[in-house]
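heads up, no residue letters with this:
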């Protein structure tokens, strides 16, 4: 059976951004591209990923053209986006003192019984 993982924007950005790349993120996305694992995310993933790219431009970490190329690379990954259980995410956010955005990833991971891939230490324990 092909393993499924929930990915958050921090993990995707660590893969996309040259100064954040890790062997782990490269390995996961290489496995994904070969069909050796599945990746899913809540519908907010593109918003958070594009926001991260915009922040990298503002902080002068990336040129606009580079960010646009990375944005296309992200879209070409075609990570399946899942509907969000807003009530579930809100409940998790309140219980664990997280943003509802972050809780949406945890909620999907729990509902899917899939590990959450994140660079955020607070979310890894969720």
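Yep, that arrived. Remember, it's a predicted structure, so these values are computed and weren't measured experimentally. Residues are numbered from 1 along each chain as shown.

correct me, but residue 49 touches residue 9?
Yes - between residue 49 and residue 9 a contact is recorded at 4.9 Å, counting by CB atoms under 8 Å. The C-beta positions use only the backbone N, C-alpha and C, and glycine is treated the same way.

Run through this protein and note the low-pLDDT ranges.
By pLDDT under 70, the weakly predicted segments of the chain are 125-126.

all strands of it, in order?
4-7, 38-42, 81-82, 116-117 (DSSP state E).

Would you mind giving the ones you listed as TSV with mean neighbour count and distance to residue 66 added?
TSV is the format used below for these (neighbours: other CB atoms under 10 Å; distance: least, CB to CB, whole Å):
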stretch	mean neighbour count	distance to residue 66
strand 4-7	22	21
strand 38-42	21	23
strand 81-82	16	24
strand 116-117	23	24
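
out of the ones you listed, which comes closest to residue 22?
Ranking those by proximity to residue 22 (CB to CB) places strand 116-117 first, at 11.1 Å.

list the contacts for residue 15?
Counting by CB atoms under 8 Å, 6 or more residues apart in numbering, residue 15 touches 21, 25, 26, 28, 29.
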